[in-house]
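Q: give me coordinates for this.
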Amino acid sequence: MILVEPLTKSIQIHLRDDKGLEIKRSVKWHQLPITATYAFTDYCLQGQTLQNVITDIASLPTGGLSLFNLYVALSRSRGQLSIRLLRDFDTKVFQALHCVELLVEDECLMGLDRMTKQWWQGMGRSRN
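A: Residues are numbered from 1 along each chain as shown. Next up is the predicted model:
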């Protein structure tokens, strides 16, 4: 939870009535110091760069974050000075292993890349 307390401002207004006499009035107002913002999931943010980012990399109730989620969440700002973390987090999230299925898929894609490269070179074409 983040506590947001209303700000109270008070100003003096000097007026003149119909007879030209000066009237002093005090005006007081209460306002919440809130700025409109947007919230995105890491999936929606892929490929975007934002001016300022506040990110939350705490563990989810439904499971942990993958390294892919962390990369997207931490790389959407313009730089180190324009990103802030919402709360403390467990550093073990950066020591997690990649999903085995994704590693197998990556190996398969690299094999297809090698086969395509050999086929392309076998046709007498260079890699340019």
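
Q: just name the shakiest helix or strand of the protein by mean pLDDT.
A: helix 42-45 (a mean of 79; mean pLDDT, DSSP states H and E).

Q: show me which positions of it end up buried.
A: Residues of helix 42-45 classed as buried: 42, 45 (neighbour count, 16 or more other Cβ atoms under 10 Å). For every residue, glycine as well, the C-beta is placed using N, CA and C.

Q: got the contact list for that helix?
A: Residues outside helix 42-45 that contact it (Cβ atoms under 8 Å, 6 or more residues apart in numbering): 69, 72, 73, 76.

Q: and stretch 76-89, by the same measure?
A: 45, 48-59, 74.

Q: tell me which of those residues has the lowest pLDDT.
A: Of all these, residue 59 has the smallest pLDDT value, namely 70.

Q: residue contacts, that one?
A: So residue 59 contacts 65, 89, 90, 93 (Cβ under 8 Å, 6+ apart).
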